[in-house]
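J.: coords below, sequence missing:
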């Protein structure tokens, strides 16, 4: 998320970070966000039919090489998220500081482990 | 010989992915640092099986997943503590808690084996997700190969026990593994880059995969150049969406 915002700052684009939370992404400001989000969602959800449709949409709009790279990113984060959470890796202080505003705004601070504390209250 | 190949797909799989992922997959079938080849393949198999577990489904719906008890639907090849680790990691990773890590490790699951299993589950998920994403079937499990465990231990003096649940290599201590894993010194040791480092071969195997699926650290922050067929923004959008679904704050 911080890198998404940083990439927009580099190009002068103001991306809507809430696209990662599950809307279509069409208003995110990121080209082809809708088909990329659909691919990401279906590739990690064991939904072969939906993934096939999402794959076709990415290829039609962006080409085969883009599909390969998008699938690779989805695969990497489906794996690395699990490593971070199983080992208990915390955000670095500097990353926490630069992401504090949008983590609070988007509700990311209530993800995962934080939800356990909320449920216990 | 790996059971993973991209020969049958008409898609333009990048050379680095086509080279690295079959190697990562084949290594699952080799004797590990602390787990036998049979155990390592069983971990990969159980990773794939976890999504069919009724207990995990019930826990995933619960506000307090640690209050839901029962038996996992497992393949029966691994002891309960290892199945518990694999299933939680697969089905509710975002709510893994420190007290649960302590429960498992104080109950008899060695920290070293815990970390090796985490690495194996991650490699299985990474390979399987990539295959589904590009439209090929996840590969058959590798055949377990004969051989001895490497037992490559990291001395306690090289570890940091304050960063995470599990111990990690301390980048502020001078040692050969620090030079290998954090060649740029402590600034190059992002927390996630330390995660599997207490079992060095798990670290090597995982990052062999992750570097080709994503980018290296320099590429990640070089917004002036696009290194992939999708832009930095598109990459981070996909990454962010997957991490949001997984409820991962990191």
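T.: Sure thing, it's come through. Just so it is clear, the model here is predicted, and its values are computed rather than measured.
J.: going forward, measure contacts between C-alpha atoms and count neighbours the same way
T.: Will do.
J.: Not counting sequence-adjacent ones, nearest residue to the residue nearest the centre of chain B?
T.: Central residue of chain B (C-alpha atoms, centre = their mean): residue B:122, 2.5 Å from the mean position. In space, and not counting its chain neighbours, residue B:122 is closest to residue A:79: 4.6 Å by C-alpha to C-alpha, 6 or more residues apart in numbering or on different chains.
J.: Could you pull out the helices in chain A for me?
T.: Listed from the start of the chain, chain A has helices (DSSP state H) covering A:2-11, A:33-43, A:48-62, A:64-87, A:93-106, A:113-120.
J.: between those, which one is nearest to residue B:196?
T.: Among the helices of chain A, helix A:64-87 comes nearest to residue B:196, with 7.8 Å by C-alpha to C-alpha.
J.: which of the residues in the closest one are buried?
T.: For helix A:64-87, the neighbour count (16 or more other C-alpha atoms under 10 Å in any protein chain shown) marks A:64-87 as buried.
J.: again, but for stretch B:121-140
T.: B:121-136, B:138-139.
J.: which element is the residue nearest to the centre of chain B on?
T.: helix B:111-134 (DSSP states H and E).
J.: Phi first, then psi, for the residue lying farthest from the centre of chain B.
T.: Residue farthest from the centre of chain B, counting by C-alpha atoms, centre = their mean, is residue B:224 at 30.2 Å. Residue B:224 has phi and psi values of phi -80, psi -10 when expressed as degrees, to the nearest 10.
J.: what's the nearest residue to it if we skip its chain neighbours?
T.: residue A:10 (7.8 Å).
J.: Now the phi/psi pair for the closest residue to residue B:154 other than its chain neighbours, please.
T.: Counting by C-alpha to C-alpha, 6+ apart, residue B:154 lies nearest to residue B:198, which is 6.2 Å off, once chain neighbours are set aside. Here is the backbone geometry of residue B:198 (degrees, to the nearest 10): phi -80, psi -10.
J.: Do I have it right that residue B:198 meets residue B:170?
T.: No. In this structure, residue B:198 is not within contact of residue B:170 by C-alpha atoms under 8 Å, at 9.3 Å.
J.: which of these two has more neighbours?
T.: Taking residue B:198 and residue B:170 together and counting by other C-alpha atoms under 10 Å in any protein chain shown, residue B:198 has the greater number of neighbours (27 against 24).
J.: got the contact list for that one?
T.: Residues in contact with residue B:198 (C-alpha atoms under 8 Å, 6 or more residues apart in numbering or on different chains) are B:112, B:115, B:153-154, B:159, B:167-169.
J.: ditto for residue A:18
T.: Contact partners of residue A:18, counting by C-alpha under 8 Å, 6+ apart, are A:28, A:106.
J.: gap between it and residue B:8?
T.: Separation of residue A:18 from residue B:8 (C-alpha to C-alpha, to the nearest Å): 38 Å.
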